[in-house]
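In: Please work out how this folds:
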Amino acid sequence: MLLVSSLLTSCGVKKQSVASSGRPQIYDAWDARYVYQMENRRMIPVYEGRMVGRSWGRDENGKINHVSYIGPDKGQNEDLLFLHQYKADRKREKKWKKAKEQRIDFVQSRLDLLEEDENTPLIEIELEEEDDFVPPVFIPQGIDLSTPEVSTEDEPVQGDGLPLPFAPL
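Out: Residues are numbered from 1 along each chain as shown. Next up is the predicted model:
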């Protein structure tokens, strides 16, 4: 055992610290239970009365505003919010870049189509002169087009002597 330990130390491999219970400290973080802090909206992992593990918090809108790893020793604490924001920014930038490229391709294809339409030669089509055939005018048969004489004797009149526009019922 001493030989393996000295070999790992000489190769630069750190020996994982073991808690007094004889198990690795990472198990403490895995076995921790979360406590919710209402004043700052954070979930804090607690194991046997001490904070250990990954904690996070969110603002009023649900956006993550705190992520960190609380190690068993002060030197092992790590702020993970920066890493989270960096990954989110990279993902957003990739989406924006892809959308921008798609938009550029769409606009370019439309411009190419317009340019192709402009460069298309016009084809002149000669129309043959048609005969001067004009179809006969449609005149209805059996309808008398002359104006009938209107008799005002039978028409009812208003009090002022003018005929009524509609026949009485």
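
In: Let me know the distance separating D112 from L122.
Out: Plainly put, D112 is 20 Å away from L122 if you go by C-beta to C-beta, to the nearest Å. Quick note: C-beta positions are derived from backbone N, CA and C, even for glycine.

In: again, but for Y47
Out: Going from Y47 to L122 by C-beta to C-beta gives 83 Å.

In: Please identify which of those two sits among more neighbours.
Out: Higher neighbour count among Y47 and L122: Y47, with 18 against 5, using other C-beta atoms under 10 Å.

In: Tell me who's in contact with that one.
Out: Remark: with contacts taken as C-beta atoms under 8 Å, 6 or more residues apart in numbering, Y47 is in contact with D28, A29, D31, A32, R33, G53.

In: buried ones in stretch 121-138?
Out: Neighbour counts over stretch 121-138 (16 or more other C-beta atoms under 10 Å) mark no residue as buried.

In: which intervals of this protein have sub-threshold pLDDT?
Out: 1-21, 73-77, 130-131, 143-161, 167-169 (pLDDT under 70).

In: Would you mind giving the domain segments of it?
Out: 12-79, 81-112 (automatic domain parsing).

In: just the helices in the chain please.
Out: 2-10, 26-31, 81-119 (DSSP state H).

In: So which of those helices is nearest D132?
Out: Closest approach to D132 among the helices of the chain is made by helix 81-119 (37.7 Å; C-beta to C-beta).

In: Distance from the closest one to the middle of the chain?
Out: Counting by C-alpha atoms, centre = their mean, to the nearest Å, helix 81-119 is centred 14 Å from the centre of its parent chain.

In: other SSEs contacting it?
Out: Contacts defined by 3 or more C-beta pairs under 8 Å, 6 or more residues apart in numbering; DSSP states H and E place helix 81-119 against strand 64-70.

In: Near R41, how many other residues are there?
Out: For R41, the neighbour count with other C-beta under 10 Å is 15.

In: still on that earlier bit, of the contacts of Y47, closest to K94?
Out: K94 has its nearest neighbour among the contacts of Y47 in G53, at 30.6 Å by C-beta to C-beta.
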